[in-house]
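Undergrad: Fold the stuff below for me.
(2 chains)
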Amino acid sequence: MWIFEYRELIKILTISDLKVKYQSSVLGFAWSLLNPLLMMLVLYLVFSNVFKANQDNFALYLLIGIVSWRFLAIGSSASMNAVVGKPSLVTKIYIPRQVLVMSVVLSSLISSILEFLVLVPLLIILGAGISPYILLFPFIHLIYFLIVYGLSLILAALYVYYRDLNQIWDVLIQIGFFLSPIVYPLSTVPPQYLDYYLLNPVTALIQMYREVLLYHQLPGLRNLALSLAVGLLLLAAGSAIFKRLERRFAEEI
Amino acid sequence: MALPYTIICSGLNRLNPAKSSSGRGADNNAIVAEGISKKFRIPKEKKLTIFEHLTGLLGRGANSYDEFMALRDVSFTVKHGETFGVIGPNGCGKSTLLKLLAGVLYPDSGRIQINGKIAPFLELGVGFQPELSARDNVYLYGAIMGLSHREVERRYEEIMDFAELRRFENMKLRNFSSGMYVRLAFATAIQTNPDVLLVDEVLSVGDESFQKKCEEKIGEIRRAGKTILLVSHSLPMVRSLCSRCLLLNRGEMVALGKTGEVLAEYERMRAGGR
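TA: Numbers count the residues shown, from 1 in each chain, chains lettered A, B, ... in the order given. Here you go, the predicted structure:
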């Protein structure tokens, strides 16, 4: 199995990716945490004053949504450079190329976990408290990882051939942000669209994060099943597509 | 020594030990290549975006690239413990063949099977980071070659001794001379303990004494019963090391057999003005 065989390389590449991300400035790590907080603040002010959103614990509601979303947004965008950004490891030597995608997604996963960790004291400070259900967080995050990794395999492989994919993906991520219940409650979705709306696996994930972190309850079974199914499907599809497209990587890069 | 296992070189899952069903009879072969062809597409204009692909469809249609046959129907086998040479003029497809065997490129047709752990020495020092110290680079390069942290740790002393770079182990690689760079790379790469070595003229680097050391090391590996596939322009080296050879010209097999005969054929081919 390539993951086991090349675990050392995955580890080294992940760490160096994190170093690049955080070392560029003294505030590097702080910035990556300030970013979601500031975004939460802006959205909080806009939505609680202009749109009069009256969700309980709206700040935490927003923050969980934003931090969840960032894993997909940042992870998938960064993954496009995973293969293209390391040409010598593709054209001059053979390594399983999934290693490159895996290490980028792992680095995004670690960033995401750190952001969630900062969320924990905020849960207490802002009065939501924590409950044993928080222990389910790793399982939900693991499912999310499958989704992001599967998607990243597809994006990284396609990006080798289509270099404007990142532009298109940026727009799709923007659209996805508003198609997920991050800044508004689910109840504002018109009922006739709700069935389609709920097919979005990220919606299911965000709901589950809110359930275990904010509402102190078990995640809904439907959401769990849906996100796990999508995760496994994306992993299978992503691996298959990546393996097919990988054949000409060395020529196209 | 690591247990020998089979790699079916589909280029996809090279590290999965193959099921022993199909290739049992060919087990004394380290490398089997059957009718491999490789075609490169040379685009008349490079299309790199979806936008260009879409606008290209409106224009001249799909066939906007030239095809170039880098290899055509090449077949050969290399037995375990054999040192096999690949020779031919520039552009004959030697490097393409090596990249196919290494799994960097994927053949358009044909089958490649490699039995055993493979170490492709296509280029030394791939992935070296100039900003890291020599020590860190040894670990990085070892990882690229598929070694675990502990395996590199165990061989670290040997690597540094062989490279004669112990004094510089904490120096950043960007301060290294090109000779030191190659020595470090070769010393690390050789520690992967491969069953099959693919060597692409890397030995023509470094100073004379190090070259000699490399050749000795290769000889040592050869005597240890490992398989070596050597791509070289140096005919004396091929003559002294290889028992059998493959001669390629313009992607096609010209001769395959005993080194002496193939070299003679090569001389004739060159005399005949290609």
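Undergrad: CA only for contacts and neighbour counts going forward, please
TA: Will do.
Undergrad: Could you list the residues of chain B in contact with chain A?
TA: Remark: the part of chain B in contact with chain A comprises B:11-13, B:15-16, B:40, B:48-51, B:102-106, B:120, B:122-123, B:126-127, B:140, B:143-149, using C-alpha under 8 Å from any C-alpha of the partner chain.
Undergrad: quick one, helices of the chain?
TA: Chain wasn't specified; assuming chain A. For chain A, applying DSSP state H gives helices covering A:2-5, A:7-23, A:28-45, A:58-84, A:87-91, A:98-125, A:137-161, A:165-178, A:191-197, A:201-213, A:221-246, A:249-252.
Undergrad: sorry, should have said chain B
TA: Under DSSP H, chain B gives helices at B:50-58, B:94-102, B:134-144, B:149-163, B:178-189, B:208-223, B:235-241, B:259-271.
Undergrad: near chain B, which residues of the stretch 101-250 of chain A?
TA: Counting by C-alpha under 8 Å from any C-alpha, the stretch 101-250 of chain A comes close to chain B at A:161-165, A:243, A:247-248, A:250.
Undergrad: I'd like to know which of the helices of chain A lies nearest to B:D207.
TA: Among the helices of chain A, the nearest to B:D207 by C-alpha to C-alpha is helix A:87-91 (25.3 Å).
Undergrad: Check what contacts the closest one and list those residues.
TA: A:83, A:95, A:97, A:249-251, A:253, B:104, B:126-127 (C-alpha atoms under 8 Å, 6 or more residues apart in numbering or on different chains).
Undergrad: Convert the C-alpha atoms of it to PDB, please.
TA: Written as PDB, here are the backbone C-alpha positions of helix A:87-91 (Å, rounded to 0.1, in the frame of the first residue of the first chain):
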ATOM      1  CA  PRO A  87       7.300  18.900 -11.300                       C
ATOM      2  CA  SER A  88      10.700  17.300 -10.500                       C
ATOM      3  CA  LEU A  89       9.000  14.600  -8.300                       C
ATOM      4  CA  VAL A  90       6.700  13.800 -11.200                       C
ATOM      5  CA  THR A  91       9.100  13.800 -14.200                       C
END
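Undergrad: for the record, mean pLDDT for that helix?
TA: Averaging pLDDT along helix A:87-91 yields 93.
Undergrad: Please pull out the lowest mean pLDDT helix or strand from the chain.
TA: The chain I'm using is chain A. Within chain A, no helix or strand scores below helix A:28-45, which has a mean of 83 by mean pLDDT, DSSP states H and E.
Undergrad: wrong one, chain B
TA: Using mean pLDDT, DSSP H and E, strand B:6-8 stands out as the lowest-scoring helix or strand of chain B, at a mean of 34.
Undergrad: Give me the number of neighbouring residues for whatever residue of the stretch 51-200 of chain B ends up closest to chain A.
TA: Nearest residue of the stretch 51-200 of chain B to chain A: B:A143, at 4.7 Å (C-alpha to the nearest C-alpha). A count of neighbours around B:A143, defined by other C-alpha atoms under 10 Å in any protein chain shown, yields 25.
Undergrad: wait, what's in contact with the residue nearest to A:V183 when sequence neighbours are not counted?
TA: The shortest distance from A:V183 to any non-neighbouring residue, by C-alpha to C-alpha, 6 or more residues apart in numbering or on different chains, is to A:L62 (5.8 Å). The contact partners of A:L62, taken as C-alpha under 8 Å, 6+ apart, are A:40, A:43-44, A:182-183.
Undergrad: and those, which two are the farthest apart?
TA: Longest span within those, C-alpha to C-alpha: A:Y44 and A:I182, 11.2 Å.
Undergrad: More neighbours: those two, which one.
TA: Just comparing A:Y44 and A:I182: by other C-alpha under 10 Å the higher neighbour count belongs to A:I182, 24 against 21.
Undergrad: Once you drop chain neighbours, what's closest to the more buried one?
TA: That would be A:G65: by C-alpha to C-alpha, 6+ apart, it lies 4.6 Å from A:I182.
Undergrad: My guess is the one you found contacts A:Y184. True?
TA: No - applying C-alpha atoms under 8 Å, one finds A:G65 not in contact with A:Y184, separated by 9.7 Å.
Undergrad: okay, the two: which has more neighbours?
TA: More crowded of A:G65 and A:Y184, by other C-alpha under 10 Å: A:G65, with 26 against 20.
Undergrad: got a list of what that one touches?
TA: So A:G65 contacts A:181-183, A:206, A:210 (C-alpha under 8 Å, 6+ apart).
Undergrad: can I get the residues you listed in a markdown table with pLDDT?
TA: Listed next are these as a markdown table, based on pLDDT from 0 to 100:
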| residue | pLDDT |
| --- | --- |
| A:P181 | 94 |
| A:I182 | 92 |
| A:V183 | 88 |
| A:I206 | 97 |
| A:R210 | 96 |
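Undergrad: Closest one to B:K94 out of the residues you listed, please.
TA: Checking the contacts of A:G65 against B:K94 with C-alpha to C-alpha, the nearest one is A:I206 at 54.0 Å.
Undergrad: So what's the predicted local confidence for the closest residue to that closest one other than its chain neighbours?
TA: What sits nearest to A:I206 in space, not counting adjacent residues and going by C-alpha to C-alpha, 6+ apart, is A:G65, at 5.9 Å. We have a pLDDT of 95 for A:G65.
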